[in-house]
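S.K.: Got a predicted model here, sequence first, then my questions.
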Amino acid sequence: AQSVTQPDIHITVSEGASLELRCNYSYGATPYLFWYVQSPGQGLQLLLKYFSGDTLVQGIKGFEAEFKRSQSSFNLRKPSVHWSDAAEYFCAVGAGNAGNMLTFGGGTRLMVKP
Amino acid sequence: DTGVSQDPRHKITKRGQNVTFRCDPISEHNRLYWYRQTLGQGPEFLTYFQNEAQLEKSRLLSDRFSAERPKGSFSTLEIQRTEQGDSAMYLCASSTGTSKNIQYFGAGTRLSVL
């Protein structure tokens, strides 16, 4: 069964600083990988996805992520954080079976200092 | 697309009561998923439908939970004899059901069992 680990529960960065959120997955085959963002009391918004091909994927709001098979990682990055990026971020893996249900990590809460 | 719509947004109930939530997926999305998210955790898969057929159920879905999608459009999730442990955010997602399956989430229904 697949699993996702987000080692950092909370991260605080200053506005304008760079950001990297870590995600490690466990899955036997090539995974489908996703990053979602959730603002308080809201649902999940898709930031970006990886299915195959180029291991560096671009998403919305200036985010990118890099798939590294050798490290079983899919870390999310942003070169310059804005105060509006404060939210909870979830990494997820989708199994390649017919259901493609998602398995989520526990999330990383990002706080942005002015 | 109007997005995935969930109703109600918030529900407060007393232990032992039955509750029902509704999800309207993005039109023409033939897959519909239910997830549960407890405080401070990532969403956990509950069940999914391909059109009107319920194809997968998590072991998290006890006998008190039932989900339907009678005409392959909207879905309902009912919890009978609610318990305090049922307090959570219930998220609905829909997708086109293609092999590279991107799920779009609603804003969720927050259930509080007193």
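M.R.: Nice, thanks for sending it over.
S.K.: What residue in chain B comes nearest to chain A?
M.R.: Of chain B, the residue with the smallest distance to chain A, taken as Cβ to the nearest Cβ, is B:G42 at 3.3 Å. C-betas here are computed from N, CA, C, even on glycine.
S.K.: so that residue is in which element?
M.R.: Here B:G42 is covered by no helix or strand, with elements defined by DSSP states H and E.
S.K.: List the contacts of the closest residue in space to it that isn't next to it in sequence.
M.R.: Nearest non-adjacent residue to B:G42, counting by Cβ to Cβ, 6 or more residues apart in numbering or on different chains: A:F104, 3.3 Å away. The contact partners of A:F104, by Cβ atoms under 8 Å, 6 or more residues apart in numbering or on different chains, come to A:4, A:36, A:90-92, B:42-44.
S.K.: Which ones among the residues you listed lie within strands?
M.R.: The subset of the contacts of A:F104 located in strands under the criterion DSSP state E comprises A:4, A:36, A:90-92, B:44.
S.K.: What is the nearest of the residues you listed to A:K113?
M.R.: The shortest distance between A:K113 and any of the ones in strands among the contacts of A:F104, using Cβ to Cβ, involves A:F90 and amounts to 22.2 Å.
S.K.: tell me the contacts of that closest one?
M.R.: A:6, A:35-38, A:44, A:104-105, A:107, B:42-43.
S.K.: give me the number of residues near B:T13?
M.R.: Residue crowding around B:T13 was assessed by other Cβ atoms under 10 Å in any protein chain shown; the count is 16.
S.K.: and it, bridged to which residues?
M.R.: Each beta-bridge partner of B:T13 is listed here: B:V113, as defined by DSSP bridges.
S.K.: Next one: it from B:T38, what distance?
M.R.: Noted for B:T13: a distance of 17 Å to B:T38, by Cβ to Cβ, to the nearest Å.
S.K.: Over in chain A, which residue gets nearest chain B? Let me know.
M.R.: Using Cβ to the nearest Cβ, the single residue of chain A nearest to chain B is A:F104, 3.3 Å away.
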